[in-house]
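Engineer: Here is the input, now give the coordinates:
(one chain, ligands or ions: 2)
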Amino acid sequence: MIQLKDVSYVRLGSPDLEQAEQFATACLGLQIAERGKADLYLRSDDRSHTLCYSEGNPKDQTVGFEVDDEASLQNAAATLEALGHGVHAGTAEEADRRKVKAFIGFRDPSGNHIELVVRPERSGRRYFASRDAGITGFSHVGLNSTDPARDERFWTQICNARVSDRIGDIPLMRVNAIHHTIALVRAPQAGIQHINHQVESSDDVLRSYHFLNERRVPIVFGPGRHPTSGARFLYFKGPDGMIFEYSVGVDEIEDEATHRPRQFGFEPTSFCMWGSKPAGMTLPNK
Ligand SMILES: O=C/C=C/C(C(=O)O)=C(/O)C(=O)O
Ligand SMILES: [Fe+2]
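Structural biologist: Ligands and ions are numbered 1, 2, ... in the order given. Here you go, the predicted structure:
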């Protein structure tokens, strides 16, 4: 069994790094860690980076997850190979670019590009936001799934993710105590459906609602509250149509041994208990 410890980073291809930088700093509120030749590294917490825009095709989207050590990485590679997932062993140069000791890359059953990494770098300097969005850290991703039941089996049976709750057949899965690190969303093709950053308070969510509205950043859902994790949230659109979420107050699962996933109906009130409806963002199909 592959033991995922946490989500580490997202890498997004971008045809326009300047536009990505403008959005990430002036709107989203991340800190520039480094500008490489073709990479823009952004921080959201005490890690050296949690988002990297890389010159290229916006369809190139990767999520990195941390595993314990190099032995775990080798075991993971063998497990995935045995299951027929092609595994790319990251070169030293590729690992440097990701600021990790070592990594492997593969595709999940829907075709999402996933990397498993060992020893992602932390920063000795504290995170200093580019704007006062109240970000406390990168927390989870929504991943497109062409078959949520199949992909739930992959993440839970091969990667040790645990289902915290389901909306219809959409699982919200954790890899540690936090309610979810991976949310599957039914879609016709692979891709990252949204990228979540936690903020400090509900005030931050509402402040950003007004801040982003004034700057004509499309708000696609919220402000609202998820009945699943209990989080207050706001979703908005960034470059290349990528959806970002701020949220606060995500539950932690107190007792790993006794937690049973709750089943929510596939209906609007399962997505927002305050009555907010998504605009221009398709609610996942059942
Ligand atoms: O609409 C359902 C979303 C649920 C949550 C949550 O419970 O916090 C998410 O953040 C999510 O799926 O992204
Ligand atoms: Fe989310």
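Engineer: Now do stretch 18-37: everything it contacts.
Structural biologist: Outside of stretch 18-37, the residues that reach it under the criterion C-beta atoms under 8 Å, 6 or more residues apart in numbering are 12, 14, 40-44, 48-49, 51, 53, 97, 123, 127-135, 197, 212, 215, 217, 236, 238-239, 244. In this view, the C-beta of every residue, glycine as well, is placed from N, C-alpha and C.
Engineer: what mean pLDDT does that stretch have?
Structural biologist: Average pLDDT, stretch 18-37: 97.
Engineer: Which residue, other than its chain neighbours, is closest to residue 138?
Structural biologist: residue 50 (3.7 Å; C-beta to C-beta, 6 or more residues apart in numbering).
Engineer: who's the residue of the stretch 51-200 of the chain found nearest ligand 2 bridged to?
Structural biologist: Proximity of the stretch 51-200 of the chain to ligand 2 (C-beta to the ion) peaks at residue 196, 4.3 Å away. With DSSP bridges as the criterion, residue 196 is bridged to residue 140, residue 245.
Engineer: what's the burial count for it?
Structural biologist: Residue 196 is flanked by 23 other residues according to other C-beta atoms under 10 Å.
Engineer: How about stretch 149-169 and ligand 2, touching?
Structural biologist: No. Against ligand 2, stretch 149-169 shows no contacts by C-beta under 5 Å from the ion, the least distance being 11.7 Å.
Engineer: Just the buried positions in that stretch, please.
Structural biologist: Across stretch 149-169, burial judged by 16 or more other C-beta atoms under 10 Å covers 151-152, 154-155, 158-159, 161-169.
Engineer: Derive a PyMOL selection command for the buried subset of the contacts of stretch 18-37.
Structural biologist: Buried subset of the contacts of stretch 18-37, written as a PyMOL selection, criterion 16+ other C-beta under 10 Å:
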select buried, resi 12+14+40+41+42+43+44+48+49+51+53+97+127+129+130+133+134+135+197+212+217+236+238+239+244
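Engineer: In strands only, show me the contacts of stretch 18-37.
Structural biologist: If you go by DSSP state E, the contacts of stretch 18-37 have 12, 14, 40, 41, 42, 43, 51, 53, 135, 197, 236, 244 in strands.
Engineer: Now for the residues you listed: which two are most distant?
Structural biologist: Greatest spatial distance among the ones in strands among the contacts of stretch 18-37 (C-beta to C-beta): 41 and 236, at 21.9 Å.
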